[in-house]
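Trainee: just to be clear, the model below is a prediction. Sequence and coordinates:
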Amino acid sequence: MKELIVGIDLGTTNSEIAVDLDGEIKVIPIHGNPIMPSCVGIDSAGKLIVGQAARNQLIAAPESTVLSIKRKMGTDEKVKLGDKEFTPEEISSFILRELKQEGERHLDQAIHKAVITVPAFFNEQQRKATQLAGELAGLEVVRILNEPTAAALAYGGGNADGETMLVYDLGGGTFDVSVVTVEAGVIEVKASHGDTHLGGDDFDQLLVEHAVAAFKKAQGIDLHQDLKTLRRLKVAMEQAKRRLSDDPCVTVREEYLDGERHLELELMRTDYEEMILPLMEKTLICLHQSLSDAMLGPTNISKVMLVGGATRTPLVHRLLQNRLGLDPRFEINPDLIVAMGAAVQGGVLAGEKRHSILVDITPHTFSTGILSDHLGYRRVECFPIIPRNTPLPASKADLFTTCYDDQISVEVTAYQGENVLPEENTLIGNFMVEGLSEVPAGNQVIIHFDLDLNGMLKVTATEKATGLAKTVTMDTRGAHRLDIDQARRNIASLVGEPGGASSETASERPDHHAQLATAKDLRKRAEGLLQKNISSEDAAELRKLLQESAEAISMSADLTDFNEALSDLLFYLED
Ligand code: AMP
């Protein structure tokens, strides 16, 4: 039997264990869960408990429970557990022993060796303490691995020479960013920066303050002195925060919050993002610092890897994309990536050559069409709801508003593709929602995309104020079939067989693709002209035609007349 070297992420809040089994990386469940709280306790019978069981008694028995021991590693500070004192290495060894024993039970095989990860900024003493903890747990620690290096390994780092990667690690209590390079097969952390007091817990705290202020305003009661209620609010707001990663708004209901009165609070993702923006800016400052320490700029970075639960916040992705032009990778579960990378290293040390981390992701972005102002005219653009590389199944929603007063219907469209222009993407399906309230423009409609492992996309549009909803399920695999149909028609036109010219939909009309190509070319030229010095009457005429052509494209209408009109005007203007 081949030697087994497991990979362990010994985290401040949670720990995980993974292993390379014949080239495939598997995360081992601990007490049925891939993530185990890094929590150690003594129960009421005096028995040692580790993981979720210890976490459960944290509030009821804080004197018999230890959390976040990682912060004390490498110091002489002892912690009390019941009536005894323990060193940080001893407490950590209880966590490692639990992971080892659960791993052995699951694999039905003894585990003797491990690769254990530590933050890049850990000093020699902290690393030695980690090694000692492993030995106390009965493990030979064959390698202490930097966490960002492990993340890079999980994403296939080391396969391509000359790669420079960035690891953005935002957990519950800490933030780290590292620049990692691969040269001659060696992965090296070139620069690392961070803030040991910045993470998801701070986001929770901002939401708690927001809720306390709302309760004071509505009920006139200040909850600041009521520690028990504040703890309850923290739990509720942490859950709301997680939901805001997938939904544009959530409602928090806490009954009898102060023993008498209820809290009902609606949170919008946009407001929440405004609250956390100053903290997010701090992470970007660290990021720039580590890039400048490594004497690099954003354009030198080939991959950005996200680590830590709080990187599921959509604002993290947007800021990295919009501010730095970086396209973050998030297909590997950010809670498990470090342990998986450690398992890759364990596999290499055990002589394994092939590694694969299999994740089901969507290789395409799924968007909905929205009306948007562009160069002074309105056109339909694709607004991404499920970005490419999202792990499946995926469920995401966003909020949109009506454009006109008394607008009682909206057309909901779903596109697959990366372009902002619908005509460059593939239309998956569309439907109308009728019967909206007759209210001024700005009526809010939530559009929810659920994409399952089989490629079925369930699209739901809900009028926020009334709950009026319509759901349609679309088969995204049809998007590929269209190309096959087109190819069949092309072949049929050559060999003279009936080619399906009677198809009902525009995208299947034989000349539609040619019309679309002409329209795209004309529109590009027209938009180029709009940026030049042409008279305001000509610009207005051009915008009108662009608008009409955009509408015709979005409705998959016959484009002959629109193309002709645009071509005539361009002929005259370009002369
Ligand atoms: P970690 O230290 O890596 O385990 O990350 C824990 C932090 O991630 C906590 O603050 C969690 O509230 C946060 N977190 C977990 N899931 C999500 C999510 N879906 N959206 C936003 N934050 C999350």
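Mentor: Structure's in. What do you need?
Trainee: could you list everything residue 266 pairs with in the sheet?
Mentor: According to DSSP bridges, the partner residues bridging residue 266 are residue 251.
Trainee: make sure it is actually in contact with residue 253.
Mentor: No - with contact defined as CB atoms under 8 Å, residue 266 and residue 253 do not form a contacting pair (10.1 Å). Every residue, glycine included, has its C-beta placed from N, CA and C.
Trainee: mind checking what secondary structure the closest residue in space to residue 163 that isn't next to it in sequence has?
Mentor: Nearest residue to residue 163 in three dimensions, chain neighbours excluded: residue 182, at 4.5 Å (CB to CB, 6 or more residues apart in numbering). Here residue 182 is strand, with the state taken from DSSP: H, G, I helix; E, B strand; the rest coil.
Trainee: mind checking how far residue 182 is from residue 115?
Mentor: 18 Å (CB to CB, to the nearest Å).
Trainee: residue 155 too?
Mentor: Residue 155 is 17 Å from residue 115, where distance means CB to CB.
Trainee: same check, this time on residue 411
Mentor: Distance from residue 411 to residue 115, by CB to CB: 54 Å.
Trainee: sorry, back to before: and residue 155 and residue 115? Which one has more around it.
Mentor: With neighbours defined as other CB atoms under 10 Å, residue 155 and residue 115 compare such that residue 115 has more, 29 against 22.
Trainee: now do the same contact list for the residue in the chain that the ligand sits nearest to.
Mentor: Taking CB to the nearest ligand atom as the measure, the chain has residue 200 as its residue closest to the ligand, at 2.0 Å. Applying CB atoms under 8 Å, 6 or more residues apart in numbering to residue 200 gives the contacts 170, 171, 172, 173, 238, 241, 308, 309, 310.
Trainee: lowest confidence element among the helices and strands of the protein?
Mentor: Counting by mean pLDDT, DSSP states H and E, the chain has its least confident helix or strand at helix 478-495, which shows a mean of 47.
Trainee: buried residues in the helix or strand that it is followed by?
Mentor: Next helix or strand after helix 478-495 toward the C-terminus (DSSP states H and E): helix 512-530. For helix 512-530, burial by neighbour count (16 or more other CB atoms under 10 Å) applies to 512, 515, 516, 518, 519, 522, 523, 526, 527, 529, 530.
Trainee: using PDB, write out the CA atom coordinates for the following helix or strand past helix 512-530.
Mentor: Next helix or strand after helix 512-530 toward the C-terminus (DSSP H and E): helix 536-554. Listed next in PDB are the C-alpha coordinates belonging to helix 536-554 (Å, rounded to 0.1, in the frame of the first residue of the first chain):
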ATOM      1  CA  SER A 536     -25.400  67.400 -33.600                       C
ATOM      2  CA  GLU A 537     -28.200  66.600 -36.200                       C
ATOM      3  CA  ASP A 538     -26.100  63.800 -37.700                       C
ATOM      4  CA  ALA A 539     -25.300  62.500 -34.300                       C
ATOM      5  CA  ALA A 540     -28.900  62.500 -33.300                       C
ATOM      6  CA  GLU A 541     -29.900  60.600 -36.400                       C
ATOM      7  CA  LEU A 542     -27.200  58.100 -35.900                       C
ATOM      8  CA  ARG A 543     -28.200  57.500 -32.300                       C
ATOM      9  CA  LYS A 544     -31.800  57.000 -33.400                       C
ATOM     10  CA  LEU A 545     -30.800  54.400 -35.900                       C
ATOM     11  CA  LEU A 546     -28.500  52.700 -33.400                       C
ATOM     12  CA  GLN A 547     -31.300  52.600 -30.900                       C
ATOM     13  CA  GLU A 548     -33.700  51.100 -33.400                       C
ATOM     14  CA  SER A 549     -31.200  48.600 -34.500                       C
ATOM     15  CA  ALA A 550     -30.400  47.600 -30.900                       C
ATOM     16  CA  GLU A 551     -34.000  47.000 -30.200                       C
ATOM     17  CA  ALA A 552     -34.400  44.900 -33.400                       C
ATOM     18  CA  ILE A 553     -31.400  42.800 -32.400                       C
ATOM     19  CA  SER A 554     -32.700  42.300 -28.900                       C
END
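Trainee: how about the helices of the stretch 101-250 of the chain, start to end?
Mentor: Remark: helices assigned in the stretch 101-250 of the chain by DSSP state H, counting those that start in this stretch are 124-136, 147-154, 200-219, 227-244.
Trainee: and of the ones you listed, who's closest to residue 399?
Mentor: helix 227-244 (11.5 Å; CB to CB).
Trainee: give me the helices and strands touching the closest one, please.
Mentor: helix 200-219, strand 249-254, helix 269-293 (3 or more CB pairs under 8 Å, 6 or more residues apart in numbering; DSSP states H and E).
Trainee: what about 10 Å?
Mentor: If you count contacts as 3 or more CB pairs under 10 Å, 6 or more residues apart in numbering; DSSP states H and E, helix 227-244 packs onto helix 200-219, strand 249-254, strand 263-268, helix 269-293.
Trainee: export those to JSON lines and tack on mean pLDDT?
Mentor: As requested, these are exported to JSON lines (pLDDT from 0 to 100):
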{"stretch": "helix 200-219", "mean pLDDT": "96"}
{"stretch": "strand 249-254", "mean pLDDT": "96"}
{"stretch": "strand 263-268", "mean pLDDT": "96"}
{"stretch": "helix 269-293", "mean pLDDT": "96"}
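Trainee: picking up where we left off before, against residue 237, how distant is the residue of the chain closest to the ligand?
Mentor: 11 Å.
Trainee: do residue 520 as well
Mentor: 47 Å.
Trainee: do residue 270 as well
Mentor: 17 Å.
Trainee: the more surrounded of these two?
Mentor: With other CB under 10 Å as the criterion, residue 270 and residue 237 differ in neighbour count, and residue 237 comes out ahead with 23 against 12.
Trainee: list only buried entries from the contacts of residue 200.
Mentor: For those, buried by 16+ other CB under 10 Å: 170, 171, 172, 173, 238, 241, 308, 309, 310.
Trainee: what residues are up against the spatially most central residue of the chain?
Mentor: Nearest residue to the geometric centre of the chain (CA atoms, centre = their mean): residue 312, 4.2 Å. Contacts for residue 312 (CB atoms under 10 Å, 6 or more residues apart in numbering) come out as 170, 200, 241, 242, 245, 246, 306, 330, 333, 334, 335.
Trainee: neighbours of the fifth one, how many?
Mentor: In terms of burial, residue 245 registers 17 neighbours under the definition other CB under 10 Å.
Trainee: check the last one too.
Mentor: For residue 335, the neighbour count with other CB under 10 Å is 21.
Trainee: which pLDDT value goes with residue 407?
Mentor: Note on residue 407: pLDDT of 94.
Trainee: which SS class is it?
Mentor: From three-state DSSP, the assignment for residue 407 is coil.
Trainee: residue 367 too?
Mentor: strand.
Trainee: tell me the mean pLDDT over stretch 537-554?
Mentor: 84.
Trainee: which positions in the stretch 51-200 of the chain make contact with the ligand?
Mentor: Proximity of the stretch 51-200 of the chain to the ligand is confined to 171, 172, 199, 200 under the rule CB under 6 Å from any ligand atom.
Trainee: quick one: low-confidence ranges for this structure?
Mentor: 1, 158-160, 354-359, 478-510, 554-556 (pLDDT under 70).
Trainee: go again with 50.
Mentor: Along the chain, the parts satisfying pLDDT under 50 run over 480-484, 486-488, 490-491, 493-508.
Trainee: domain parsing of it, as residue ranges.
Mentor: 1-155+332-356+482-508, 200-275, 364-473, 512-574 (automatic domain parsing).
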